[in-house]
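**Student:** have a look; sequence and predicted model below, questions after that.
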Amino acid sequence: MNRQTMWGLMMLLGVAMYLWNSGELKKHKSTRESGPNVVLITLNSTRADAVGVYGGKNETPVLDTLAKQGTMFTHAVSTSPLTQPAHVSILSGNPPYLTGVVTNGTDIGDRAAMLSYALGAGGWVTGAFVSAYPLTRQLGWGQGWDHFDDTLRAGLVDSSHERAAVHTVDKALEWMELHKKQHFGVWIHLFEPHGPYEAPGRRVDGPTDGPALDLPDYWPDNHKAITDPEWFVEAYKAEVRTVDAAVGRVMDALDEWGVLDETLIVVTADHGESLTEHDYLFDHGDHLYDVSLRVPLIFRWPGKINAGAALSCLVSNQDITPTLLGLLGIADEHERQGRDLSAVLSGAKPCVGQSVLATTTSANDDERLRMSHALRTHRYKRIVSAAGDGSCFDLESDPRENRRVSDCPSEMKDMMLRLLDDQVEPIQPRMDETSEEALRALGYAE
């Protein structure tokens, strides 16, 4: 075999491998005409009130328009203030205390209930594009997807732990265009506005003449030198605007391809972010207050989902996958605690609130995981710390959770005990050198 022939064969092999990995050569049961495209976008660390349509003093025109064209839930609550546990809930329909995934750095293992498998079995060609180490294939997140892109070092500003929204969307749109004449289901995860807040075009340059702020340890020194909390609040809002623009690029591409109104779009966040509340500055994970749990949740599918509706019933991110399956007419073979809200979105049924149990975790001296739980209803929240201390808040009179009340309704204690009776053993995080380095860089390990 001469050199020219060998190079030709290698090029053909390379093209074939690319097409196989992209899903182009894999056979699927249906084409786009047999159902909508599905686009699920998850934003990191985006509290609901950072979005304009949720009452935030911020300019988010894309998300605002999306909400006006679809249905928004004004009281959507995450099951966890941590990326991995929250995303397992989003993609499986179950809360952390039932999945065992309660912290970051966890190898999530094989999970047949994940949305990726349901979409694939239903005939969708599927792709996922993630922006941070906790959601990489190394920890089990590639399962079920025809194409999974976790190439984090995509640009000069990226690292081995995270990727900028612009580069993740570049990759997602490239793949979506390849399959625009098919029937595709895609998950796009954007890491902004996770700290440190570094929106493109915004200089890290603020007042340095005040008392030092108690910033998270992983933040760089140039941020730690800034002493004005308001600078960080504005920097956070700027990062939210960055992801708003990134979502806009996806919407524009769908419109350009003529499939926008044939696409079921869901935008949410894994959890929120504490800015200056409760003396917990610009971080998340340690507490179960609403600033870390309330998230945007918006559905858009013209003709199938009511437009311009704002529903105030209490829902959870564990409702997303059951609702998607209901909207798509996919028979659900798995037991999920999350609810199918498809009839609510179409207006066929009223939205009835539920209680939501959220979980977070910390490690004690022997590195065993200790869990705190919060049971939230529309009016009350009962928090039980890892040490067993309980506190209650009346969210109607004290939405910022600054004043404890003597006790929550007695049935909340009973309900929490009943739910936790089914709790599974938490999965210990991986602590190999690669995982430790990545988690430490992202603020998820000491």
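**Tutor:** Great, that's in hand. Residues are numbered from 1 along each chain as shown.

**Student:** grab the nearest non-local neighbour of the residue positioned nearest the centre of the chain.
**Tutor:** Residue closest to the mean C-alpha point of the chain, counted by CA atoms, centre = their mean, is Asp270 at 3.0 Å. Nearest non-adjacent residue to Asp270, counting by CB to CB, 6 or more residues apart in numbering: Ala86, 3.8 Å away. For glycine as for every other residue, the C-beta is placed from the backbone atoms N, C-alpha and C.

**Student:** for the one you found, give me its contacts.
**Tutor:** 78-80, 270-271, 317 (CB atoms under 8 Å, 6 or more residues apart in numbering).

**Student:** one more time with 6 Å, if that's ok
**Tutor:** Ala86 sits next to 78, 80, 270-271 when contact means CB atoms under 6 Å, 6 or more residues apart in numbering.

**Student:** helix or strand for Phe393, which one?
**Tutor:** According to DSSP states H and E, Phe393 maps onto strand 390-394.

**Student:** wait, the residue nearest to the centre of the chain sits on Thr83?
**Tutor:** Yes: proximity of Asp270 to Thr83 meets the contact threshold set by CB atoms under 6 Å, at 5.3 Å.

**Student:** so what does the longest helix along the chain touch, helix or strand wise?
**Tutor:** The residue-count maximum for a helix in the chain (DSSP state H) belongs to helix 229-256. On a contact count with 3 or more CB pairs under 6 Å, 6 or more residues apart in numbering; DSSP states H and E, helix 229-256 meets helix 61-69, helix 165-178.

**Student:** low pLDDT regions in the stretch 151-300 of the chain?
**Tutor:** 153-160 (pLDDT under 70).

**Student:** again, only this time at 50
**Tutor:** 156-158 (pLDDT under 50).

**Student:** for Leu293, find the nearest of the helices and strands packed on helix 229-256.
**Tutor:** helix 61-69 (18.6 Å; CB to CB).

**Student:** list the buried ones in the closest one?
**Tutor:** Of all the residues in helix 61-69, those buried under the rule 16 or more other CB atoms under 10 Å are 62-67, 69.

**Student:** also stretch 298-305?
**Tutor:** Using 16+ other CB under 10 Å as the test for burial, stretch 298-305 gives 298-301, 305.

**Student:** span of that stretch from start to end?
**Tutor:** 11 Å (CA to CA, to the nearest Å).

**Student:** next one: stretch 296-314
**Tutor:** Note: stretch 296-314 ends 12 Å apart using CA to CA.

**Student:** for the residue nearest to Ser355 when sequence neighbours are not counted, give its distance to Ala212.
**Tutor:** Nearest residue to Ser355 in three dimensions, chain neighbours excluded: Thr377, at 5.0 Å (CB to CB, 6+ apart). Taking CB to CB, to the nearest Å as the measure, Thr377 falls 39 Å from Ala212.

**Student:** give me the neighbour count for Thr208.
**Tutor:** Counted with other CB atoms under 10 Å, residues neighbouring Thr208 total 13.

**Student:** for it, give me its contacts.
**Tutor:** 225, 227.

**Student:** what do you get for Tyr197?
**Tutor:** 235-236, 239.

**Student:** who wins for most neighbours among these?
**Tutor:** Glu239 (28 neighbours).

**Student:** isn't that one right next to Ala199, touching?
**Tutor:** Yes: Glu239 is in contact with Ala199 according to CB under 6 Å; the separation is 4.7 Å.

**Student:** which parts of the chain are helices?
**Tutor:** Going by DSSP H, the chain shows helices at 3-22, 61-69, 83-92, 96-99, 115-121, 165-178, 221-224, 229-256, 290-293, 320-328, 342-346, 410-420, 433-441.
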